[in-house]
Structures are given as structure tokens and as C-alpha cells.
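A.B. asks: Using only what follows, build the 3D model:
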Amino acid sequence: MTLGRPTSLRVQLILLVVAALAAAQGVSLLLFADERSLAIRAALGFEAAGRAANVARLIEEAPPDLHGSIIRAANSPLVRFELSDTAEVRHMDHSAGGVVEARIRTLLDDGFSRDIRVELHQVEGQLMPLPNLSPEMTDMHAAMMRGELTAVEMNLSIALAGGGWLNVGTRFERPPIQWPLHAPLTFAISAAVLLVAVIWFVMARLTGPLRRLAGAADRLGRGEDVGALPVAGPTEVRDLTVAFNRMQDRLTRFVGDRTRMLAALGHDLRSPLTALRVRAEMVDDDETRDSLVASVEEMQGMVDATLTFARGLTGSEPPESVDLRAFLDGLRHDMHGAFEIAPGPAVTLRLRPAALRRALRNLIENARRYGGGAMVGWSRQDDAVIVTVDDAGPGIPAVQLEQVFDPFYRLESSRSRETGGHGLGLSIARTIVRAHGGDITLRNLKGGGLRAAVFIPIAVSTADAVTPI
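C.D. replies: Numbering: from 1, shown residues only. Predicted coordinates:
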């Protein structure tokens, strides 16, 4: 498995679901933290309003000589109280302070007879704690708020019944974001349950048919017999499987019809050729008779080659997993040492041995016939093996490197069967290799000679590790 971007559909969807869960969890925690901050601020605001209302009531009911004691007792590190002849709050903030004002009036059982002013404003940036905190509380407060205080400052001015004003000042900071310990645990449990109970089994139901479909398409491309795939999975996958089965059936029927037509044509030509041979033998002139017989024999050979070509197209040989080096050694033994083998990597291929042996034999015989010898080698390139057949002959004109694969095309101008054959060898070889999902190309070598390169794909399930010999 290569590192980097995951390519598996199952892994990509699992990562997508995990990322979506993590994003949702993060948004939920942020919203939770914001709501928590608002709740804490509201609680502190109502608490300060309640204390201010109680202090105002005590001052109005207590003798004047006790007012100073009441103020000292009411002051705290976070809320300060002060009696004054003037109100510190000059203007009422109705948009933000209406709720606090209503709270104070309710606690004082006051309608709208007295003047109550509320002022709230946001304070941001580097703030020091409230000036009336003790040194220990100052250090503890700064550490808790992590040095960065974002606060809402609230000032109250309440008109007293006997005259004067009760001025109240307080500040409540936005508490820092605190991630509850149960949040990651909840996320991990929900993600695990979702992935295992839902995603894993749902993805198995989706990717299983897709993997079978990919394997069947690969085997079909290599010319193997592939039965109809079972229709399973979601609707889209089922439709895709039905389309694949339909395409496979059409391709099989198309190739079968064309092959049977070719075989029937070659078979039907035998009878008139036999009759023509008999009549040619009755010609009195020796030179004419020999010429006619030779032409009939050439035509008969072409018909036989056509039938052989057709049989190669309709072959039903089952594929096997073979070691390439052992396969080439066996072919060299069968051909009585007709070619040399260059060293190459150890690799296992899934192929139809008899068919591929015939294709390589045609290439090797061409190399011996036109190039004086053959050198066979192979190499690994990505997910394919390249088998090369080199000779030391004159090569082929560049414009004819592709034409020589056409049926009955021969480079020999004499069209002699002894030197040029029937022109089906390369066609048969390419047909066989393409039935394995590969191809054959020809290339003139720089130092002279011709190279036939046979590309054969390696089935993923049967590919072995490449080790040098």
C-alpha cells in the first residue's frame, strides 16, 4: 500500500464521515462554550442587580449612621458600591440594560417612580483585573483568565428615596473555553458505533460488488471466460452490474458470430479448391498445369491458415498461473534451442499457455527467418510484463511496422510460401496477446535488427514480487 492520498472508496468515505463528525463536534463545542459564556454572564448580571437592589433597600430603611457600614459590608472583590450625590451613569442603555433595570424594579417593588440607570459596554484587549481585588485574588484571577480578559462592564445608578444615588460597578469576564472531558469520549464512542455498525457494513455491501465487477472486467479484458455476475448491492451498483453482464454477452456473441463466419468461409472454400485442383491436373500443357496446381495449393494453404486462425480465436483453453522463466525454458526446449534467453526478473503470469506459446513461436520463427536468430528477454513495467524478441536482420520500413499485422500481408514481393508464409503469423500472435489483455508492437533497433515487444498485464491476485535473477 502506498502512502499519500487514500484511493480505496471505503477508506475515503470513512475518512469523510470521521471528518464530518469531527467538524460537527467542534461546532457543537464552540456553540456550547458560547452559550455557557452567555449563561454565566447573565447569571452574574442578575446576581449583581439583586445585590444592588438589596443594598438600596437596606440603605433606605437603615439610619444614616449605618450607611457606611452597609456599603463596606456589601463591597466584594467583583462588585463595588458607593453612595454619592450624583449618578455615575449619565445615560440609560435601554437596548442592553432593560432586563437588568426590570430585575431591580421587581426586587424593589417599584414601578417607574424612581430613576434607575444601567450602562453596559464591552471591554476587550489586555485588561488588568478589577482594582479592588486583593493581590492573591489578582494573581489567581489573571492565571484563570490566561492573561487575556474579554469583559462586559456594568455600571448602575439607583436613585434613593431619601435623596442621593447608589452607584454600583461590576465587571464579568468571558470565561476561557474549557473542553469538557466527556466530549472527546462521546465523539469517540459515537464515531466508533457509526463506523462499525453502519459505515463498515454499508460500505462492504457497496464495495464488494464493485470489487467483483472490477475483477470480472479485468479477466474479460485478458480473454478469460467470465460468467454473469450476481446482481447485488445498491440500485446504482445493480444497474452497473446488469449493464456489464449485458455488454459481456453482446461482446461474446459478436466475436463468436464473426469467428464462425470466418471458419465457415474457410471450410466452404475447400470443396471448390479441391475440384479446381482435379481439373488443373487434367491440363495437357506441363507448364500451365504446374502453374495452376501451384496457385491452387497456395490458395489451399491460405484456407488452412484461415481455419487455424479462426480456431485460435475460438479457443477455450483455461488460464493458468505460470512462471515466465520456466515457460520460456519449456518453449526453447520444444523448439530445439531455436533462440537464446536473456536474464530477467522472476514473475508469475496468468495466461493460456498453449495459445501464448503459439504466439511467441510465430514471433521467434519470424526472427529466425528474417533476422538469422532470436534473443528473447523480459522485464517488469508497472503492472505488466514486456517480453521482447530481438533479431539482427535488416528490420522493417517504418511505414510498414503496423501493416505487417494485417491478415495475409507479406513483405515478400514474391509472395513465396517458402520465404514469406501466408501472412497470418503476426496477425495470429497479436490476436492471441490481445485476448490476454495485452498487445504486440514492432520497433527497429538503432544498431540494426527488429524488436517485437509483447505486453502482458499481470493479474493483481497472482502477481509475485520481482526479484533479480
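A.B. asks: Following the chain onward from the lowest-mean-pLDDT helix or strand in the chain, which element is next?
C.D. replies: The least trusted helix or strand in the chain, going by mean pLDDT, DSSP states H and E, turns out to be helix 417-420, with a mean of 46. Tracing the chain past helix 417-420, the next element assigned as helix or strand by DSSP states H and E is helix 425-435.
A.B. asks: And for Ala216, the neighbour number?
C.D. replies: Using other Cβ atoms under 10 Å, the number of residues around Ala216 comes to 19. No exception for glycine: its C-beta is placed from N, CA and C like everyone else's.
A.B. asks: Correct me if wrong: it contacts Pro230.
C.D. replies: No - look at Ala216 against Pro230 with Cβ atoms under 8 Å: they stay out of range, at 10.6 Å.
A.B. asks: quick one, what contacts Gly98?
C.D. replies: By Cβ atoms under 8 Å, 6 or more residues apart in numbering, Gly98 lies in contact with Val118.
A.B. asks: for the one helix or strand it maps to, what is the average pLDDT?
C.D. replies: Under the criterion of DSSP H and E, Gly98 resides in helix 94-107. Averaged across helix 94-107, the pLDDT comes to 73.
A.B. asks: Provide the strand pairings for the very next helix or strand once past it, with the direction of each partner.
C.D. replies: The helix or strand immediately downstream of helix 94-107 is strand 116-123, counting by DSSP H and E. Sheet pairing of strand 116-123 (DSSP bridges) gives strand 151-159 (antiparallel).
A.B. asks: What are the buried residues along the partner strand?
C.D. replies: Using 16 or more other Cβ atoms under 10 Å as the test for burial, strand 151-159 gives 151-159.
A.B. asks: got it, and stretch 265-272?
C.D. replies: Applying a neighbour-count criterion of 16+ other Cβ under 10 Å, one finds 266, 269 buried in stretch 265-272.
A.B. asks: Export it to PDB, keeping only CA atoms.
C.D. replies: Taking C-alpha atoms only, stretch 265-272 is exported to PDB below (Å, rounded to 0.1, in the frame of the first residue of the first chain):
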ATOM      1  CA  LEU A 265     -15.900 -19.300 -45.200                       C
ATOM      2  CA  GLY A 266     -12.600 -21.100 -45.000                       C
ATOM      3  CA  HIS A 267     -14.300 -24.500 -44.700                       C
ATOM      4  CA  ASP A 268     -16.600 -23.800 -47.700                       C
ATOM      5  CA  LEU A 269     -13.700 -22.800 -49.900                       C
ATOM      6  CA  ARG A 270     -12.200 -26.300 -49.600                       C
ATOM      7  CA  SER A 271     -14.600 -28.000 -51.900                       C
ATOM      8  CA  PRO A 272     -14.300 -25.700 -54.900                       C
END
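A.B. asks: Check the offset of that stretch from the chain's centre.
C.D. replies: Centroid separation between stretch 265-272 and its chain, computed with Cα atoms, centre = their mean, to the nearest Å, is 55 Å.
A.B. asks: Give me the mean pLDDT for that stretch.
C.D. replies: On average, the pLDDT along stretch 265-272 is 75.
A.B. asks: what about the strands in this protein?
C.D. replies: Assigned strands in the chain, in chain order: 79-84, 116-123, 151-159, 165-173, 320-323, 340-341, 348-351, 375-381, 384-390, 439-444, 450-457 (criterion: DSSP state E).
A.B. asks: Tell me the strands beside the fourth one, with direction?
C.D. replies: In its sheet, strand 165-173 lies beside strand 79-84 (antiparallel), strand 151-159 (antiparallel), with partners assigned from DSSP bridges.
A.B. asks: how big is the angle separating that strand from helix 94-107?
C.D. replies: Angle between the axes of strand 165-173 and helix 94-107 is 120 degrees (criterion: axes from the mean of the first three to the mean of the last three Cα atoms, to 10 degrees).
A.B. asks: then strand 165-173 to PDB, C-alphas only?
C.D. replies: What follows is strand 165-173, C-alpha atoms only, in PDB (Å, rounded to 0.1, in the frame of the first residue of the first chain):
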ATOM      1  CA  TRP A 165     -27.600  57.900  44.400                       C
ATOM      2  CA  LEU A 166     -26.300  54.300  44.900                       C
ATOM      3  CA  ASN A 167     -23.600  53.800  42.300                       C
ATOM      4  CA  VAL A 168     -22.700  50.200  41.600                       C
ATOM      5  CA  GLY A 169     -19.800  48.900  39.400                       C
ATOM      6  CA  THR A 170     -19.000  45.400  38.300                       C
ATOM      7  CA  ARG A 171     -17.200  43.500  35.600                       C
ATOM      8  CA  PHE A 172     -17.800  39.900  34.500                       C
ATOM      9  CA  GLU A 173     -15.300  38.400  32.100                       C
END
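A.B. asks: and the strands paired with strand 165-173 as TSV, adding distance to Gly256 and mean pLDDT?
C.D. replies: Below are the strands paired with strand 165-173 laid out as TSV (distance: least, Cβ to Cβ, whole Å; pLDDT from 0 to 100):
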stretch	distance to Gly256	mean pLDDT
strand 79-84	95	88
strand 151-159	84	81
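A.B. asks: Let me know which of the ones you listed is the nearest to Glu101.
C.D. replies: strand 151-159 (8.8 Å; Cβ to Cβ).
A.B. asks: Using PDB, write down the CA coordinates of that closest one.
C.D. replies: Written as PDB, here are the backbone C-alpha positions of strand 151-159 (Å, rounded to 0.1, in the frame of the first residue of the first chain):
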ATOM      1  CA  ALA A 151     -15.100  41.600  29.800                       C
ATOM      2  CA  VAL A 152     -18.500  43.200  30.000                       C
ATOM      3  CA  GLU A 153     -18.500  46.100  32.400                       C
ATOM      4  CA  MET A 154     -21.900  47.100  34.000                       C
ATOM      5  CA  ASN A 155     -22.500  50.300  35.900                       C
ATOM      6  CA  LEU A 156     -25.700  51.000  37.900                       C
ATOM      7  CA  SER A 157     -27.000  54.200  39.300                       C
ATOM      8  CA  ILE A 158     -30.100  53.900  41.500                       C
ATOM      9  CA  ALA A 159     -31.900  56.900  42.900                       C
END
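A.B. asks: How far does that strand sit from its chain's centre?
C.D. replies: 59 Å.
A.B. asks: Show me the domain layout of the chain.
C.D. replies: As assigned by automatic domain parsing, the chain contains the domains 9-173, 214-316, 318-469.
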